[in-house]
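**Q** Curious how this folds, go ahead:
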Amino acid sequence: MLKQEIEKKRQQLIEIANKFGLTSTKTLQCSKELDKLLDRYQIRQSRLDVSDNKEIC
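**A** Residues are numbered from 1 along each chain as shown. Here you go, the predicted structure:
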């Protein structure tokens, strides 16, 4: 589900950037929102990696 949100936000960012430019406030706001989603995804992946490593040890 989070991957779908990321992909949707990425597409939205591309559309906004094409329409308003890379330095517009709307583009920057959307980029920040995408960053937050990517951070959440990375944290989840890190936790999964840690739990996988605990089972091996």
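
**Q** avg pLDDT for the helix or strand hosting Ser31?
**A** Taking DSSP states H and E as the definition, Ser31 sits inside helix 25-56. When pLDDT is averaged along helix 25-56, the result is 89.

**Q** buried residues in it?
**A** By neighbour count on 16 or more other CB atoms under 10 Å, the buried set for helix 25-56 is 27, 30-31, 34, 37. Placement of C-beta: from N, CA and C, glycine included.

**Q** so how far is whichever strand or helix holds Lys8 from its chain's centroid?
**A** In this structure, Lys8 is located in helix 2-20 according to DSSP H and E. Helix 2-20 has its average C-alpha position 10 Å from the chain's average C-alpha position, going by CA atoms, centre = their mean, to the nearest Å.

**Q** the inter-axis angle of it versus helix 25-56?
**A** Relative orientation of helix 2-20 versus helix 25-56 (axes from the mean of the first three to the mean of the last three CA atoms, to 10 degrees): 160 degrees.

**Q** excluding its backbone neighbours, what's nearest Arg40?
**A** The spatially closest residue to Arg40, leaving aside those adjacent along the chain, is Leu2, at 6.4 Å (CB to CB, 6 or more residues apart in numbering).
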